[in-house]
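A.B. asks: What follows is a protein structure lacking sequence information:
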């Protein structure tokens, strides 16, 4: 069910069974006022049920991810997010990276003595500009010195703003950019456009660029990761080296789609088995 009053089509994928044209806040307030009239109130352990389900799902997904030697975008998002130190910044690119961070980023243990400055800030660009200027934004965030800065972006996002790297990279701040090299805008292979014959030409737009060569031209560091277990050591080395460092993670697009289906099936099985 979709609660929406203002948008022309709030459910473009057609997954909702019903749409109610109402202001969501008004609806929530009315529902709250009438909660005592509900003949089937929420169980007392409702929140705990959700927490247990969340733990089981995370455990099942982690077992899958940790068993795959080939890089998987979801594991990259999880491991990069876990690597960012307390007080650091994770800048996340549009399309798949932000969705993978949302889906796979694991809860973090707070430090023994906690204060608000220990939070990991997750930031990114959005809006009409799309992926334009992403590298420039990452460099600007790192230059601001709000904390150790890491970025997770796709290869198209990186290449579209390669000019910023060429311009500012050699004298840039300490920042580690993790680039998922999957051969174009692979998010469209998961959307309705996947059925179109012009999918690759008009949407995925695979590129011939050599990311390492771009980094050499920009005089910034570059490391390529072809195995999942090598990502964290590459991040550690990049962070110690300083300056602008690019960690390129190769990701086969067809394998990514299969892996996503396996994750979906594993989560479904856990929830179905445990009720």
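C.D. replies: Received the coordinates, thanks. None of the values given here were measured: they were computed from a predicted structure. Numbering: from 1, shown residues only.
A.B. asks: ok, residue 238 - how many residues close by?
C.D. replies: By the measure other CB atoms under 10 Å, the count of residues near residue 238 is 23. No exception for glycine: its C-beta is placed from N, CA and C like everyone else's.
A.B. asks: got it, and the one 4 residues further on?
C.D. replies: Burial measure for residue 242: 12 neighbouring residues, criterion other CB under 10 Å.
A.B. asks: who are the neighbours in contact with the residue nearest to it when sequence neighbours are not counted?
C.D. replies: With sequence-adjacent residues excluded and distances taken as CB to CB, 6 or more residues apart in numbering, residue 242 is closest to residue 174, at 5.0 Å. The contact partners of residue 174, by CB atoms under 8 Å, 6 or more residues apart in numbering, come to 142, 148-149, 239, 242-244.
A.B. asks: again with residue 178
C.D. replies: With contacts defined as CB under 8 Å, 6+ apart, the neighbours of residue 178 are 76, 80, 150-153, 235, 247, 249.
A.B. asks: Rounded mean pLDDT for the strand or helix carrying it, please.
C.D. replies: Assigned by DSSP states H and E, residue 178 falls within strand 175-181. Mean per-residue pLDDT for strand 175-181: 97.
A.B. asks: where exactly do the strands run in the stretch 51-200 of the chain?
C.D. replies: According to DSSP state E, counting those that start in this stretch, the stretch 51-200 of the chain carries its strands in the segments 89-92, 121-123, 149-154, 175-181.
A.B. asks: Turn the ones you listed into TSV, columns for distance to residue 272.
C.D. replies: TSV is the format used below for the strands of the stretch 51-200 of the chain (distance: least, CB to CB, whole Å):
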stretch	distance to residue 272
strand 89-92	31
strand 121-123	31
strand 149-154	32
strand 175-181	31
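A.B. asks: what's in contact with the lowest-mean-pLDDT helix or strand in the chain?
C.D. replies: When each helix and strand of the chain is scored by mean pLDDT, DSSP states H and E, helix 24-33 comes last, with a mean of 80. The contact list for helix 24-33 (CB under 8 Å, 6+ apart) reads 3-5, 20.
A.B. asks: Centre of the chain to that helix, how far?
C.D. replies: 32 Å (CA atoms, centre = their mean, to the nearest Å).
A.B. asks: Kindly report the same for stretch 160-176.
C.D. replies: On CA atoms, centre = their mean, the centre of stretch 160-176 falls 22 Å from that of its chain.
A.B. asks: One more: stretch 51-70?
C.D. replies: From the chain centre to the centre of stretch 51-70 is a distance of 17 Å (CA atoms, centre = their mean).
A.B. asks: so what secondary structure elements neighbour the helix or strand following the strand holding residue 178?
C.D. replies: Scanning forward in sequence from strand 175-181 by DSSP H and E, the next helix or strand is helix 211-218. Secondary structure elements in contact with helix 211-218, counted by 3 or more CB pairs under 8 Å, 6 or more residues apart in numbering; DSSP states H and E, are helix 155-160, helix 162-168, strand 221-225, strand 244-250.
A.B. asks: buried sites along helix 211-218?
C.D. replies: 211, 214-215, 218 (16 or more other CB atoms under 10 Å).
A.B. asks: Surely residue 44 is within a helix?
C.D. replies: No: under DSSP: H, G, I helix; E, B strand; the rest coil, residue 44 falls outside any helix and is assigned coil.
A.B. asks: per-residue pLDDT, it?
C.D. replies: Reported pLDDT for residue 44: 70.
A.B. asks: Can you get me a residue count around it?
C.D. replies: Around residue 44 there are 7 residues (other CB under 10 Å).
A.B. asks: What distance do you get for it to residue 55?
C.D. replies: Look at residue 44 and residue 55: by CB to CB, to the nearest Å, they are 19 Å apart.
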